[in-house]
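> When you get a sec, could you give me coordinates for this:
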Amino acid sequence: MKKENNFVIIWLLSGCLLLFIMVVVGGITRLTNSGLSMTDWHLVTDTFPPLTEAKWLQTFEEYKKFPEYQKINIHNDFTLSDYKFIYFWEWFHRFIGRIIGMVFIIPFLYFLFKKRLSTATIKKCIVLLFMGAFQGFLGWFMVKSGLIDDPDVSHFRLALHLTFAFITFAYTLWVALDLIYPNKSSVIVPLRNLARVSLVLLILQIIYGGFVAGLNAGLIHNHWPLMSDGQFIHDSVFIEQKTLFLNLVEGKSGVQFVHRTMAYFVVALIVALFFRSKKYILSSVQKRGINTLVIFVFLQFALGVFTLLYGVPLWLGLVHQVMAFFLLTAMTFTLHRLSK
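Sure thing, here's the model as predicted:
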């Protein structure tokens, strides 16, 4: 690692940490049903929450005009105090997004001015800036879907918002790793290719995790290893929607079935990577990456099972999402070390 890159690496890893916090808070926002509490988006004027009781009442009245209050919370003795609670998590989620924007843009301009970035790194950082801006758009695009008729966001948009946050984190980490390990090593093609397939399947699994969250599909079939009624594929997987495809992307039972079944394949691929790696001479860093990946995938699998069995309690659902982040981190690190 070149000394002149130290501050750039710290900057990128700080961005990774903030993205991690962003996803954690986003998970809390989803699990506490707080995502629709802010019914508009302004870059500057809602940087801070209402500061007076009169402003809180005005904001609460605005919230009452939208479907979540009119169809759900109006029947739950929903008070201003309840509103302040859900407002906080959505506001905090957006506030961290603003912090991330400043953390990425201001140091980037500084490093650019000081000529501390190579041409290749500049190009990668510009991609990161566009990814961050697009992620902000996806957040509002998701929220908007729950402010029209149905008081819930589209599970497709939620999964897109969640998955793109994971991908932005992984790419930021990859750029940092390029600077941490500037010297290229010989690539073990079979292991690299298997790691690539594993990453693709892991991302697909994260997408389906977003589907499960968006449809609240973890609240049904709370059994394992079989679904309800002792069935591996429950009858409801085929009857919720008009076609099999729609059942597997829009039906609660179908989405849960895909998510719980795909987990076996994710575990199998990573275990296969572990055993296949034994045939090659690896560096200590490569071995550590693969070993960590195996540990994390089994922890994540166990957390998924317990989250399902206990009906998705807030803390367990959040831990499951955090572990997915750690698993993606290990997967990105391992693939990087097997590729460069």
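> Helices of the stretch 1-150 of the chain, start to end?
According to DSSP state H, counting those that start in this stretch, the stretch 1-150 of the chain carries its helices in the segments 6-31, 53-63, 67, 80-113, 119-144.
> And the helix or strand where residue 287 lies, what's buried?
Under the criterion DSSP states H and E, the helix or strand holding residue 287 is helix 284-309. By neighbour count with 16 or more other C-beta atoms under 10 Å, helix 284-309 contains the buried residues 286-287, 289-290, 292-294, 296-297, 300-301, 303-304, 307-308. C-beta here means a position set from N, CA and C on the backbone, and glycine is covered the same way.
> just checking, next helix/strand downstream of that helix?
Along the chain past helix 284-309, the next helix or strand (assigned with DSSP H and E) turns out to be helix 314-339.
> by contact count, what packs against that following helix?
Packing contacts for helix 314-339, counted by 3 or more C-beta pairs under 8 Å, 6 or more residues apart in numbering; DSSP states H and E, involve helix 6-31, helix 155-180, helix 189-215, helix 284-309.
> Where does residue 186 sit: helix, strand or coil?
Following DSSP: H, G, I helix; E, B strand; the rest coil, the label given to residue 186 is coil.
> okay, the helices of the stretch 1-150 of the chain, which one's buried deepest?
Among the helices of the stretch 1-150 of the chain, the stretch with the highest mean neighbour count (mean count of other C-beta atoms under 10 Å) is helix 6-31, at a mean of 19.
> So which elements touch it?
Helices and strands in packing contact with helix 6-31 are listed as helix 80-113, helix 155-180, helix 314-339; criterion 3+ C-beta pairs under 8 Å, 6+ apart.
> re the thing from before, can you tell which of the helices and strands packed on helix 314-339 is closest to residue 336?
helix 155-180 (4.6 Å; C-beta to C-beta).
> my guess is residue 329 meets residue 173, correct?
Yes - A contact is recorded between residue 329 and residue 173 when judged using C-beta atoms under 8 Å, the distance being 6.6 Å.
> mind saving the C-alpha coords of stretch 220-240 as CSV?
Presented in CSV, the C-alpha positions along stretch 220-240 are these (Å, rounded to 0.1, in the frame of the first residue of the first chain):
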residue,chain,number,x,y,z
ILE,A,220,-46.1,-16.6,7.2
HIS,A,221,-44.9,-20.2,7.0
ASN,A,222,-42.9,-19.8,10.2
HIS,A,223,-41.5,-23.3,10.1
TRP,A,224,-38.3,-24.9,9.0
PRO,A,225,-37.0,-27.0,7.2
LEU,A,226,-40.5,-27.4,5.7
MET,A,227,-43.1,-24.8,5.1
SER,A,228,-46.6,-25.0,6.7
ASP,A,229,-48.5,-28.3,6.8
GLY,A,230,-45.2,-30.2,6.5
GLN,A,231,-44.8,-29.3,2.8
PHE,A,232,-41.5,-28.5,1.2
ILE,A,233,-43.4,-26.4,-1.4
HIS,A,234,-46.7,-25.2,0.2
ASP,A,235,-49.8,-25.2,-2.0
SER,A,236,-50.2,-21.4,-1.5
VAL,A,237,-47.0,-20.9,-3.6
PHE,A,238,-49.0,-21.7,-6.7
ILE,A,239,-52.4,-20.0,-6.0
GLU,A,240,-51.8,-16.4,-4.8
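> related to what we said a few turns ago, rebuild the helices and strands packed on helix 6-31 as TSV, extending it with mean pLDDT and distance to residue 54.
Output for those, formatted as TSV (pLDDT from 0 to 100; distance: least, C-beta to C-beta, whole Å):
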stretch	mean pLDDT	distance to residue 54
helix 80-113	92	12
helix 155-180	95	33
helix 314-339	95	32
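> want to throw those helices into CSV with distance to residue 260?
Formatted as CSV, those follow (distance: least, C-beta to C-beta, whole Å):
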stretch, distance to residue 260
helix 80-113, 28
helix 155-180, 16
helix 314-339, 12
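> Tell me which of these sits nearest to residue 251.
Going through the helices and strands packed on helix 6-31 one by one, with C-beta to C-beta as the measure, helix 155-180 comes closest at 10.9 Å.
> what bits of this protein have low per-residue confidence?
1-4, 43-45 (pLDDT under 70).
> Now do the contacts for residue 40.
For residue 40, the set of contacting residues under the criterion of C-beta atoms under 8 Å, 6 or more residues apart in numbering consists of 46, 62.
> Quick check: the residue most central in space within the chain vs residue 139, distance?
Residue closest to the average C-alpha location in the chain (C-alpha atoms, centre = their mean): residue 162, at 4.0 Å. Distance, residue 162 to residue 139, using C-beta to C-beta, to the nearest Å: 10 Å.
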